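Engineer: For reference, the sequence and a predicted model appear below.
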Number of protein chains: 2
Amino acid sequence: MPDSTPGARPTLEAVAARAGVSRATVSRVVNGGAGVRQPLVDKVRRAVEELGYVPNHAARTLVTRRNGAVAVIIAEPEFRVFSDPFFEQQVRGISRELTAHDSQLVLLWVEGPGDYERVARYLAGGHVDGALAFSVHNDDELPSVIHRTQVPTVFGGRPGWPGAHGELAVPYVDADNRGGAREAVRYLVSLGRRRIAHIAGPRDQTSATDRLDGYRDVLLDADPELVAHGDFTEESGARAMAGLLERRPDVDAVFAGNDLMASGALRVLRERGLRVPRDVALVGFDDMASVAGTTDPPLTTVRQDIEGMGRLMVRLLMRTLNQDEPGAGAPGSVITPTELVRRASA
Amino acid sequence: MPDSTPGARPTLEAVAARAGVSRATVSRVVNGGAGVRQPLVDKVRRAVEELGYVPNHAARTLVTRRNGAVAVIIAEPEFRVFSDPFFEQQVRGISRELTAHDSQLVLLWVEGPGDYERVARYLAGGHVDGALAFSVHNDDELPSVIHRTQVPTVFGGRPGWPGAHGELAVPYVDADNRGGAREAVRYLVSLGRRRIAHIAGPRDQTSATDRLDGYRDVLLDADPELVAHGDFTEESGARAMAGLLERRPDVDAVFAGNDLMASGALRVLRERGLRVPRDVALVGFDDMASVAGTTDPPLTTVRQDIEGMGRLMVRLLMRTLNQDEPGAGAPGSVITPTELVRRASA
DNA sequence: TTGAAAGCGCTAACAC
DNA sequence: GTGTTAGCGCTTTCAA
């Protein structure tokens, strides 16, 4: 069992004494054991085991300047960010990949502008090696706050704030929203649909505008009346659908900006006695299992690998951290592919 | 602007030089400034400002043995723990209170038994001052793993594992499940109901068994047929209700172990043409806004202050940490009161 | 290959 | 009040 003086953790020194070697040797063994002869390695390992030695993190950080920790900054301007399944999947991916890199996840929960200073102080304090943040609304101050701290940061979602291409450019991971949207719309076209509407998300989120752009890429001459706007909620999708039906009762297909709005649209379509996909074909975006799989009919939708995006954010950050020393070029952003999943709604 | 040698953060030393004082004085000022004459304080403050000095956390931790960080251990044996609204509220409370105590939240996400070793290593490494964990199933290994690390820990929910009263006793925060249940059942009795059923949660979770105990406290001679078991999901509530109706079609009230099961029960009651509350009065537990407020009719239920429980967990932990030095008695657990919220279902 | 020794940046006695 | 000094526990040259 561990320790003779409970409360006092054994130090390197103690292990060295027990193993009859120097602190330096113990340190080498603890850090992989390269360049130490086998018998000594064994001896040290045994001492570590017997004493229940665990390296002191602060001491190590002090000299290596590595924290083994990454901040995940969650800004919550909206509401239930945390319980958002999208978010959960992304954080899960982040958590898993961080674990694989022996790093810890420090959660920085920002509830309002007043929290920015706290976050800035924390980042500047060198508690973490880097940060992961999410691109929310374009007028958010967070990016510039983070930028000032000089802490390497990777964003989730393509940033759309002013200067995102210039001095405030940051590496990010995003799905190919525009390409995915194009594929969805092309598919509806291939089905023979001709009056294809789009229910777009908020104008200040790139995930929404990119999808709208993809829609327009394919339907260059689309009637502006065929585009409605929602805010990614089920309710807004229903409202948008109702408006669409009023303006263009002849609509024969709808590409919704996400699954939630698609499910709202579906509800309205059925209320009006329109059959899906017979009368109106419907395609969503996200492939959120809790939505797309449970509607009636199940949604045809564009899948993005959300957990994978979380993992990629971590990998990108780690690459940034490791190349900091060898003055290499900035590690570009990455766009992950999407995939059209055909179910019954189109 | 901060710094002449970008990349190299200014140290205490640099501030001292600039202000023309010793490191000790700077340290005093940075830590509150007690016992330093005003003019010097001002001079130091100015130097700190000019240099953009931020204390190095690792160096500070190394000597104070305080991390300013607390681990939140989320075990996920079930499934969507993270997106559970109950959980979100509790973590929100924790996050807020931690911020108030100038502490950070380090998220330890346990996905399976294989992760225990990692968690143990992390805790033993002295990365955090304490930990917060949640009491899940009684056969979980987590408590003993945590116990071995000797890291002060507060649990959310009354632990029910073997030894929870003995060597594995831990401070915890929980709602008064038993008292809340009693109040709910007494209320149904006061309404004149005589055949009051209970849909209980899992037998290996104390929140469920405590509520069942509360039910039995009031209905000492209740027919065992009036008790059904579910697993806290909507679906299981529906199943339990169906079974109940089959055994005792004369049931005139149901106290469900949580709102989700109540909503499942409500669905079945309506399908069978039974009116709520006229034919069967229904009471839930939790007062989960997304459930209790949206059913038709809205649920009468027992409210617990979930966010408050999260905050209390932190306060309890902080008290433990601060009393570590003055050998005071262990800081007991705390039970928070519940409140019956009357809506339309009973 | 191994050991000795010099710090990493800070706090906390202890002197002055 | 303020400064001097001795570490906190570890990694990392540099010598041997």
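Structural biologist: Thanks, I have the structure now.

Engineer: contacts and neighbour counts: CA atoms only from here.
Structural biologist: OK.

Engineer: so residue A:257 touches residue A:201, yeah?
Structural biologist: Yes - here residue A:257 reaches residue A:201: they are 5.8 Å apart, a contact under CA atoms under 8 Å.

Engineer: Common neighbours of these two, please.
Structural biologist: Listed contacts common to residue A:257 and residue A:201 are A:208, A:232; contacts here mean CA atoms under 8 Å, 6 or more residues apart in numbering or on different chains.

Engineer: didn't residue A:227 look like it was pressed against residue A:199?
Structural biologist: Yes - contact criterion CA under 8 Å: residue A:227 and residue A:199 qualify, at 6.0 Å.

Engineer: Centre of the chain to stretch A:160-168, how far?
Structural biologist: Taking CA atoms, centre = their mean, to the nearest Å, one finds stretch A:160-168 lying 19 Å from the centre of the chain it belongs to.

Engineer: which parts of that stretch are buried?
Structural biologist: A:160-161 (16 or more other CA atoms under 10 Å in any protein chain shown).

Engineer: can you list the residues that contact that stretch?
Structural biologist: A:135, A:137-140, A:143-144, A:147, A:169-170, A:204-206.

Engineer: can you do 7 Å?
Structural biologist: Under the contact criterion CA atoms under 7 Å, 6 or more residues apart in numbering or on different chains, stretch A:160-168 has outside partners A:138-139, A:169, A:206.

Engineer: Now restrict those to buried residues only.
Structural biologist: Counted by 16+ other CA under 10 Å, these give A:138, A:206 as buried.

Engineer: can I get the contacts of stretch A:160-168 in TSV with pLDDT, secondary structure and distance to chain B?
Structural biologist: Listed next are the contacts of stretch A:160-168 as TSV, based on pLDDT from 0 to 100; DSSP: H, G, I helix; E, B strand; the rest coil; distance: CA to the nearest CA, whole Å:
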residue	pLDDT	secondary structure	distance to chain B
A:138	74	coil	25
A:139	74	coil	25
A:169	83	coil	19
A:206	94	helix	25
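
Engineer: what about stretch A:33-46 and DNA strand D, any contact?
Structural biologist: No - on the criterion CA under 7 Å from any atom of the strand, stretch A:33-46 is out of touch with DNA strand D, staying 10.8 Å away.

Engineer: What residues of that stretch count as buried?
Structural biologist: For stretch A:33-46, the neighbour count (16+ other CA under 10 Å) marks A:33, A:40-41, A:43-45 as buried.

Engineer: now, the most widely separated pair of those residues?
Structural biologist: Within the buried residues of stretch A:33-46, two members stand farthest from each other by CA to CA: A:33 and A:43, at 11.7 Å.

Engineer: give me the number of residues near residue A:191?
Structural biologist: For residue A:191, the neighbour count with other CA atoms under 10 Å in any protein chain shown is 12.

Engineer: Okay, now the unreliable bits of the stretch 201-346 of chain A?
Structural biologist: The model of the stretch 201-346 of chain A has pLDDT under 70 over residues A:324-331.

Engineer: could you pull out the helices for it?
Structural biologist: Secondary structure of the stretch 201-346 of chain A (DSSP state H, counting those that start in this stretch): helices at A:206-218, A:234-247, A:259-271, A:289-292, A:306-323.

Engineer: Tell me which of the ones you listed sits nearest to DNA strand C.
Structural biologist: Evaluated over the helices of the stretch 201-346 of chain A, closeness to DNA strand C peaks at helix A:306-323, with 18.0 Å, by CA to the nearest atom of the strand.

Engineer: sorry, back to before: pick out whichever of residue A:257 and residue A:201 has more residues nearby.
Structural biologist: Per other CA under 10 Å, whichever of residue A:257 and residue A:201 has more neighbours is residue A:257, with 33 against 26.

Engineer: Tell me, how many residues neighbour the closest residue to the more buried one other than its chain neighbours?
Structural biologist: Excluding the flanking residues, the one nearest residue A:257 by CA to CA, 6 or more residues apart in numbering or on different chains is residue A:200, at 5.0 Å. Neighbour count for residue A:200, taken as other CA under 10 Å: 27.

Engineer: give me phi/psi at residue A:200?
Structural biologist: phi -90, psi 160 (degrees, to the nearest 10).

Engineer: measure it to chain B for me?
Structural biologist: 26 Å (CA to the nearest CA, to the nearest Å).

Engineer: One more: residue A:283?
Structural biologist: Here the distance between residue A:283 and chain B works out to 25 Å (CA to the nearest CA).

Engineer: so which of the contacts of stretch A:160-168 would you say is closest to DNA strand D?
Structural biologist: Scanning the contacts of stretch A:160-168 for proximity to DNA strand D, where the rule is CA to the nearest atom of the strand, the winner is residue A:169, at 31.0 Å.

Engineer: confidence score at the closest residue to the closest one other than its chain neighbours?
Structural biologist: Distances taken as CA to CA, 6+ apart place residue A:163 nearest to residue A:169, at 6.8 Å, with adjacent residues excluded. For residue A:163, the pLDDT comes out at 76.

Engineer: Please, which helix or strand holds residue A:163?
Structural biologist: Using DSSP states H and E, residue A:163 sits in no helix or strand.
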